[in-house]
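In: here are the coordinates; sequence isn't available:
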């Protein structure tokens, strides 16, 4: 199973504030949908709750310490990342997309096979961060720049990285 982290990350590594995004980038939402549709997505409880409802055409795996936490039928809850990974392996999932938040990214970075990032040209205030990654462990496989425009407050660059070294 391949593990792919998908995130929009500011220059200061901020990814959110008060359990919400700190920007609205419609083209990034479209890319996120294209990447994750039809797949299993793994997230923490706060990220799941920030969505408002399950995203269409995706199976949600939610990590929470609350043993009584409920998700709609067809989605699943786990007490920790390890249990979620075991479930995904037993299901025969080819690729698992990790979509946040900060602690979930931190716990999965060392086992990730790829990073699908949107690097946002901004340094907003926030309370949730994407973990630092060692560039020596990753090879860039894709890059596409998008300038700021009437729909996008900031310029941003899609960057895909694949792991070349585990350290």
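Out: Looks like it came in fine. A quick note: this is a predicted structure, and the numbers were derived from the prediction, not measured.
In: confirm residue 151 sits in a strand?
Out: No. Residue 151 is assigned coil when assessed by DSSP: H, G, I helix; E, B strand; the rest coil, not a strand.
In: doesn't residue 29 make contact with it?
Out: No. Using CB atoms under 8 Å as the test, residue 151 is too far from residue 29 to be in contact (10.7 Å). From N, CA and C alone the C-beta is placed, and that goes for glycine too.
In: between these two, which is the more surrounded one?
Out: Taking neighbours as other CB atoms under 10 Å, residue 151 and residue 29 compare with residue 29 leading, 13 against 9.
In: ok, the more buried one to residue 131 distance?
Out: Going from residue 29 to residue 131 by CB to CB, to the nearest Å gives 23 Å.
In: contacts only, for residue 40.
Out: The neighbourhood of residue 40, defined by CB atoms under 8 Å, 6 or more residues apart in numbering, consists of 58-61, 88, 91, 93, 96-97.
In: using a markdown table, please lay out those residues together with pLDDT.
Out: Formatted as a markdown table, the contacts of residue 40 follow (pLDDT from 0 to 100):
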| residue | pLDDT |
| --- | --- |
| 58 | 98 |
| 59 | 98 |
| 60 | 98 |
| 61 | 98 |
| 88 | 97 |
| 91 | 96 |
| 93 | 97 |
| 96 | 98 |
| 97 | 98 |
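In: any quick ChimeraX command for the buried ones out of the residues you listed?
Out: The following ChimeraX line selects those of the contacts of residue 40 that are buried, judged by 16 or more other CB atoms under 10 Å:
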select :58,59,60,61,88,93,96,97
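In: just the contacts of residue 40: which are in helices?
Out: Among the contacts of residue 40, DSSP state H puts 88, 91 in helices.
In: what is the neighbour count of residue 121?
Out: Using other CB under 10 Å, residue 121 has 15 other residues around it.
In: ok, it - contacts?
Out: Residues counted as contacts of residue 121 (CB under 8 Å, 6+ apart) are 11, 148, 154-157.
In: centroid residue for the chain?
Out: By CA atoms, centre = their mean, the chain has its centre lying nearest to residue 99, at 2.2 Å.
In: surely it and residue 3 touch.
Out: No. Residue 99 lies out of contact with residue 3 (CB under 8 Å); the separation is 11.7 Å.
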